[in-house]
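[1] Predicted model and sequence follow; I will ask about them next.
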Amino acid sequence: AQTVTQSQPEMSVQEAETVTLSCTYDTSESDYYLFWYKQPPSRQMILVIRQEAYKQQNATENRFSVNFQKAAKSFSLKISDSQLGDAAMYFCAYEETSGSRLTFGEGTQLTVNP
Amino acid sequence: DAGVIQSPRHEVTEMGQEVTLRCKPISGHDYLFWYRQTMMRGLELLIYFNNNVPIDDSGMPEDRFSAKMPNASFSTLKIQPSEPRDSAVYFCASSTSAGTGETYEQYFGPGTRLTVT
């Protein structure tokens, strides 16, 4: 079974600084999708970024980018120019190409200090 | 688009009562998912549907839980009888395969916070 591990229960960053959240996963598949979701206090799950395993290029969405290391099964999220609104719980998630189940990590609570 | 709609947003009930959670997926999406979020177990998939047909219900905790999708725009998750350990936030999500056979990102509803006393 696939597993997703986020080893940082909590992280903090100063406003305007850069922070990196870590995620590792375990799978025997070669094709799959990886996601980062953000959950603010409103509890709404918001998609931040998506990465297809067959793509070598790292995905980027404005201030959010990933470092996808397929061989190492690592998928970290970098947030540049952190803003107060970035404060939330961040979940890494895995999805098999052939199926539709999302497997989530435990989450990392990000605090942004003014 | 209104996004995924869930109702109610909050539900408080007494142990032993029946609880029904409702979900309206994004129009045109052919996959619908029910997740549960608790402090102890995190986010876990309960069941998902494709074109209104249940595909994987291996995450449904026990027979007290049941889910239906009578049409493409409506699904229910029912708990009967409810127990205090069912207290959690229940999310509905939907996605589309756009006919490719592969699903795209899942869009989540706002969740229903269920408290069973």
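    Structure's in. What do you need?
[2] Assumed residue A:85 was part of a strand.
    No - counting by DSSP: H, G, I helix; E, B strand; the rest coil, residue A:85 falls outside a strand, being helix.
[3] In contact with residue A:24, which residues?
    By CB atoms under 8 Å, 6 or more residues apart in numbering or on different chains, the residues touching residue A:24 are A:4-5, A:7, A:72-75. Every residue, glycine included, has its C-beta placed from N, CA and C.
[4] pLDDT value on residue 83, please?
    All of this refers to chain A. Residue A:83 is assigned 97 on the pLDDT scale.
[5] right idea, wrong chain: chain B
    On the pLDDT scale, residue B:83 gets 96.
[6] Measure how buried residue A:74 is and give me the count.
    The number of residues packed near residue A:74 is 15, by other CB atoms under 10 Å in any protein chain shown.
[7] so what's the residue nearest to residue A:41 when sequence neighbours are not counted scoring on pLDDT?
    Distances taken as CB to CB, 6 or more residues apart in numbering or on different chains put residue A:88 closest to residue A:41, at 7.6 Å, once the chain neighbours are dropped. With respect to pLDDT, residue A:88 scores 97.
[8] which ones are touching residue A:88?
    Neighbour list for residue A:88: A:38-41, A:109-110 [criterion: CB under 8 Å, 6+ apart].
[9] check contacts around the nearest residue to residue B:50 once chain neighbours are set aside.
    Closest residue to residue B:50 apart from its sequence neighbours, by CB to CB, 6+ apart: residue B:31 at 5.5 Å. By CB under 8 Å, 6+ apart, the contact list for residue B:31 reads A:100, B:48-50, B:94-97, B:103, B:106.
[10] What's the separation between the most centrally placed residue in chain B and residue B:14?
    By CA atoms, centre = their mean, chain B has its centre lying nearest to residue B:34, at 2.8 Å. Distance, residue B:34 to residue B:14, using CB to CB, to the nearest Å: 23 Å.
[11] Strands of the chain, residue ranges please.
    No chain specified, so I'll use chain A. Assigned by DSSP state E, the strands in chain A fall at A:3-5, A:10-14, A:19-21, A:24-26, A:32-39, A:46-52, A:60-61, A:64-69, A:74-79, A:88-96, A:102-104, A:108-113.
[12] right idea, wrong chain: chain B
    Under DSSP E, chain B gives strands at B:5-7, B:10-13, B:19-24, B:31-38, B:42-50, B:53-56, B:65-71, B:74-79, B:88-95, B:107-108, B:112-116.
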